[in-house]
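Undergrad: everything below, folded, please.
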Amino acid sequence: MNPMRLYLDNCMFNRPYDDQSSISVRLEAEAKLNIQESIRSGEYELVWSYILDYENAKNPYWERQEQIGQWRKYAKYDVSEDDALLQQAEQLHQLA
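TA: Sure thing, here's the model as predicted:
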């Protein structure tokens, strides 16, 4: 059976850096760290995208930007912008 593919958005990558005084933030951060370990062990496959690169480049905290960018090396799939992707996004947008 093939490992499940996961796309972690920029908010998820940043969650462990958020203020952990809220129980919900702390639980979400722990869940994200658990998922990271599952990616490293091969249980899940990470999907990366050009959007993550763009959003991460806008991160005002250089250290976070660097740490998050390191996750690209674990990605088994890298989604790039192309006409087919943009067309599918437009179709989905029209459904909303």
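
Undergrad: give me the nearest residue to Gln20, chain neighbours excluded.
TA: Nearest in space to Gln20, with sequence neighbours left out and distances taken as CB to CB, 6 or more residues apart in numbering, is Arg26 at 4.7 Å. Any C-beta I mention is one placed from the backbone N, CA and C, and that applies to glycine too.

Undergrad: scratch that, Leu85
TA: Nearest one to Leu85, counting by CB to CB, 6+ apart, is Val79 at 7.2 Å.

Undergrad: if we can go back for a sec, so which helix or strand takes in the residue nearest to Gln20?
TA: Counting by DSSP states H and E, the element that carries Arg26 is helix 23-41.

Undergrad: against Gln20, how distant is Gln36?
TA: Per CB to CB, to the nearest Å, Gln36 is found 16 Å from Gln20.

Undergrad: whoops, Trp62 was the one
TA: For Trp62 relative to Gln20 (CB to CB), the value is 21 Å.

Undergrad: still on that earlier bit, count the neighbours of the residue nearest to Gln20 for me.
TA: By other CB atoms under 10 Å, the residues close to Arg26 number 15.

Undergrad: again, but for Leu46
TA: 22.

Undergrad: pretty sure it sits in a strand.
TA: Yes - under DSSP: H, G, I helix; E, B strand; the rest coil, Leu46 falls within a strand.

Undergrad: show me the contacts for it.
TA: Listed by CB atoms under 8 Å, 6 or more residues apart in numbering, the contact partners of Leu46 are 5-8, 39, 71, 74-77.

Undergrad: Ala75 too?
TA: Ala75 touches 46-48, counting by CB under 8 Å, 6+ apart.

Undergrad: ok, and what's touching the helix or strand bottoming out on mean pLDDT in the chain?
TA: Taking mean pLDDT, DSSP states H and E as the measure, the chain has helix 83-95 as its least confident helix or strand, at a mean of 93. Residues outside helix 83-95 that contact it (CB under 8 Å, 6+ apart) are Val79.

Undergrad: report pLDDT for the residue nearest to Gln20.
TA: Arg26 carries a pLDDT value of 97.

Undergrad: okay, it and Gln87: tell me how far apart.
TA: 40 Å.
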